[in-house]
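[1] next one to model:
(2 chains)
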Amino acid sequence: MTRFEELQQAIIDGKAPVAKELTDKMLKEGIRPGEFFPKAIIPAMDEVGRRMRECEFFIPEVLIAARAARASSDILRPLLVGADAMASAGTVVCGTVKGDLHDIGKNIVAMMLESAGFKIIDLGVDVTAEKIVDAVRTNQAGLVALSALLTTTMVNMKSVVEALSAAGLRDKVKIMVGGAPVTDAWAHSIGADGYGKDAPAAVELARQLATA
Amino acid sequence: MNGRDRILALLDGKPVDSLPFMPITMMFACDRIGAKYRDYATDYQVLVEGQTRTAAEFDFDYVNSMSDPAGEAADCGAPVKFFPDQPPALDEANALLTDKSILSGLKVPDPYASPRMGNRLRALALHRQRLGQEKLIEGWIEGPIAQAADLRGINNLMVDFFDDPKFVTDLFEFVLELELSFARAQVASGAELIGVGDAAASLVGPRFYEEFVWPYEKRMMDGLRSIGARTRLHICGNTRPILGLMGQLGCDIIDLDFMAPMAEGRAAMGPRQVLLGNIDPVRVLRNGMPDEVYAAVAECHCQAGDRFIVSAGCEVVRDTPLENLRAMLHYAREHAVA
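    Take a look at the predicted model:
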């Protein structure tokens, strides 16, 4: 098993201390920080996503795998410079919309996007459209990911789309939406760019939108 | 047959003049009386008015007493945020048991003397006073993992299964005592059926469900039966991997959310289990046309067989077209069980 395969396995198994120790060891051995994402972290979390889709992994397994991925990426991110830093998949502003305090779905999507190489600006829950507009502008984000778990709050996704348009930012960002009551038809009706039915689908969608 | 007799007869395996009709309404019922949801959740008279009038308008066979899952946790001291016109919600970032050591000093509050649990008890008593034996009166408690998530924070609890399993079982013990105490008070106040909402059970997969959650759900159901209550289990979300285990809990009614096909539930739980559900509350019941709703209920009935109660997979959402709810009612009333 190569070092990258060992790190992948530690992440899939959710072993954060092992992932951290391996990352440190590999850096000392001279492996470039930019190699970790494409060769270990991204494939590991893709495998976690696959297992989630296949009902082999559930939320606890996904969360500890994401925690292990973060243990590694927290070491690496400050070291990414030059071409490695430029290789980031993009910046995503995410949050649960105004009036809604549900966060576990949003958190899982954020962690999986982060592990897929995106820079995440997580605004948390009960987030106003104004706050999202500010974060997109400040961080020059290319993607906005919105979550809602209630039919009463999903309407606030539309407010975000409208606020981004009013701020002149709509053609600079792609907007993806998700959450239990959200559908593809809803995404289309409010002028969003896509709907992710679960976390792995959200990662796929983000990749498509980031390169569109 | 009145609503109460119809439900109890079906549960007891006797003939019924039509399939029972038991949709979960909360925000929908609140809107029918033009109230604000904060009032519905905190003032039992508003809740009872909403339930009574909505149940009469759509000929439901029961009334419920629930409004949101935050009640018991709030009475334990958990921080809760209130909104003018939507359900109160737990403040996850400041969950009561963010510091796990607090659990050892946590006491089960007296439901009669607690504001939110006491409010539900008063709702049940008023239901009983108004309805007598006309419709079945349902109380509601949170299941072991749902309440544990409310107290600990769901993000923390999901990781605790790996990091600190002893804490999880200690927390479940506390929850069992809390909820059975609340259920006893609800039965004394007029509830004949106790629904157990255990939403987070669908998130953990069969391994943790069987090892941690199921044993406490079983003790909860056994405890409810010992106090004379009929029992109902409602787990939101995709329960397909745990259907077989759910069927071994001995519940009078098992709800299926729309992601779990009725046919799978029937196959996993056998011919005697009463199944409730399970058309898609958003894509079919709210967004569909009445004939689509009717056809979807018919399909559920076909898959479930006659040990079946007509409902949506989860709560009827607040802007559901009235004619769609009536389409469900029509189906129920047109089908008797010999």
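
[2] which residues in chain A form helices?
    A:3-12, A:16-28, A:33-36, A:42-53, A:59-76, A:83-86, A:104-115, A:129-139, A:155-166, A:184-189, A:199-211 (DSSP state H).

[3] which other helices and strands contact the fifth one?
    When you say that, I think you mean helix A:59-76. For helix A:59-76, the packing partners by 3 or more CB pairs under 8 Å, 6 or more residues apart in numbering or on different chains; DSSP states H and E come out as helix A:3-12, helix A:16-28, helix A:33-36, helix A:42-53, helix A:104-115, helix B:154-163, helix B:205-208. The way it works is simple: take the backbone N, C-alpha and C, and place the C-beta from them, glycine included.

[4] so which of these is the most packed in?
    helix A:104-115 (a mean of 24; mean count of other CB atoms under 10 Å in any protein chain shown).

[5] which residues sit against that one?
    Residues outside helix A:104-115 that contact it (CB atoms under 8 Å, 6 or more residues apart in numbering or on different chains) are A:11, A:41-42, A:44-45, A:48-49, A:59, A:62-63, A:66-67, A:69-70, A:73, A:92, A:94-96, A:120, A:122, A:125, A:145, A:147, A:149, A:178-180, A:196, A:199-200, A:202-203, A:206, B:154-155, B:158, B:203.

[6] tabulate the helices and strands packed on helix A:59-76 (JSON lines), appending distance to B:Leu193 and mean pLDDT.
    Formatted as JSON lines, those follow (distance: least, CB to CB, whole Å; pLDDT from 0 to 100):
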{"stretch": "helix A:3-12", "distance to B:Leu193": "44", "mean pLDDT": "97"}
{"stretch": "helix A:16-28", "distance to B:Leu193": "45", "mean pLDDT": "97"}
{"stretch": "helix A:33-36", "distance to B:Leu193": "55", "mean pLDDT": "91"}
{"stretch": "helix A:42-53", "distance to B:Leu193": "35", "mean pLDDT": "93"}
{"stretch": "helix A:104-115", "distance to B:Leu193": "30", "mean pLDDT": "90"}
{"stretch": "helix B:154-163", "distance to B:Leu193": "27", "mean pLDDT": "96"}
{"stretch": "helix B:205-208", "distance to B:Leu193": "27", "mean pLDDT": "96"}
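
[7] reformat these as a markdown table; add distance to B:Glu92.
    Formatted as a markdown table, the helices and strands packed on helix A:59-76 follow (distance: least, CB to CB, whole Å):
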| stretch | distance to B:Glu92 |
| --- | --- |
| helix A:3-12 | 25 |
| helix A:16-28 | 22 |
| helix A:33-36 | 31 |
| helix A:42-53 | 22 |
| helix A:104-115 | 8 |
| helix B:154-163 | 7 |
| helix B:205-208 | 20 |
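
[8] okay, now the unreliable bits of the chain?
    Since no chain was named, I'll use chain A. For chain A, applying pLDDT under 70 flags the ranges A:83-87.

[9] and the residue in it that chain B sits nearest to, what is it in contact with?
    Nearest residue of chain A to chain B, counting by CB to the nearest CB: A:Phe58, 3.2 Å away. By CB under 8 Å, 6+ apart, the contact list for A:Phe58 reads A:52, B:203-205, B:208.

[10] show me where the stretch 101-250 of chain B has its helices.
    B:115-131, B:144-152, B:154-163, B:165-189, B:205-208, B:214-226, B:243-246 (DSSP state H, counting those that start in this stretch).

[11] point out the most buried one among these.
    Highest mean neighbour count among those (mean count of other CB under 10 Å): helix B:144-152, with a mean of 28.

[12] ok, which of the helices of the stretch 101-250 of chain B comes nearest A:Phe4?
    helix B:154-163 (24.2 Å; CB to CB).

[13] by contact count, what packs against that closest one?
    Applying 3+ CB pairs under 8 Å, 6+ apart, one finds that helix B:154-163 contacts helix A:59-76, helix A:104-115, helix B:144-152, helix B:165-189.

[14] find the nearest non-adjacent residue to the residue in the stretch 151-300 of chain B that chain A sits nearest to, please.
    The minimum distance from the stretch 151-300 of chain B to chain A, using CB to the nearest CB, falls at B:Gly205 (3.2 Å). Leaving out its chain neighbours, the residue that sits closest to B:Gly205 by CB to CB, 6 or more residues apart in numbering or on different chains is A:Phe58, at 3.2 Å.

[15] so what strands line up beside the lengthiest strand in chain A?
    Once chain A is assigned using DSSP state E, the strand that runs over the most residues is strand A:90-96. Strand A:90-96 has these partner strands in its sheet, going by DSSP bridges: strand A:118-122 (parallel), strand A:143-147 (parallel).

[16] and the angle from the last one to helix A:129-139?
    With axes from the mean of the first three to the mean of the last three CA atoms, to 10 degrees as the basis, strand A:143-147 and helix A:129-139 are set at 150 degrees to each other.

[17] who in chain B is up against chain A?
    Contacts of chain B with chain A, taken as CB under 8 Å from any CB of the partner chain, map to B:27, B:81, B:83, B:85-87, B:89-93, B:154-155, B:158-159, B:161-162, B:203-205, B:208, B:240-241, B:282-283, B:286-287, B:317-319.

[18] which of those count as buried?
    B:27, B:83, B:85-87, B:89-92, B:154-155, B:158, B:161, B:203-205, B:208, B:240-241, B:282-283, B:286-287, B:317-318 (16 or more other CB atoms under 10 Å in any protein chain shown).

[19] what about those, which are in strands?
    If you go by DSSP E, these have B:89-90 in strands.

[20] can I see the domain layout of chain A?
    Domain assignment for chain A by automatic domain parsing gives A:3-84, A:88-211.

[21] now, of those, which is deepest in the fold?
    Using mean count of other CB under 10 Å, the stretch among the domains of chain A with the largest mean neighbour count is domain A:88-211, at a mean of 20.

[22] quick check: end-to-end length of that domain?
    Using CA to CA, to the nearest Å, the end-to-end distance of domain A:88-211 comes to 12 Å.

[23] also stretch B:25-44?
    OK, stretch B:25-44 end separation, CA to CA: 15 Å.

[24] list of residues touching it?
    Residues from elsewhere that reach stretch B:25-44, judged by CB under 8 Å, 6+ apart: A:152, B:46-47, B:49-51, B:53-54, B:57, B:60, B:64, B:66-68, B:82-88, B:116, B:119-120, B:122-123, B:126, B:315-320.

[25] which parts of it are buried?
    Neighbour-count burial for stretch B:25-44 flags B:25-33, B:35-44 (criterion: 16+ other CB under 10 Å).

[26] that one - what's its average pLDDT?
    The pLDDT scores in stretch B:25-44 average 98.

[27] how much space between B:Val48 and B:His127?
    6 Å (CB to CB, to the nearest Å).

[28] so what sits against both of these two?
    B:Val63.

[29] re the thing from before, between the contacts of A:Phe58, which is closest to A:Ala167?
    A:Met52 (35.0 Å).

[30] is that closest one in contact with A:Ala65, as I believe?
    No. Using CB atoms under 8 Å, A:Met52 is not in contact with A:Ala65; the gap is 9.4 Å.

[31] residues touching residue 117, list them.
    Because you didn't say which chain, this covers chain A. Residues in contact with A:Gly117 (CB under 8 Å, 6+ apart) are A:37-38, A:41-42, A:87-89.

[32] chain B is the one I meant
    B:71-72, B:75, B:109, B:111, B:182, B:185.

[33] hmm, 10 Å instead?
    B:71-72, B:74-76, B:109-111, B:141, B:178, B:181-182, B:185-186 (CB atoms under 10 Å, 6 or more residues apart in numbering or on different chains).
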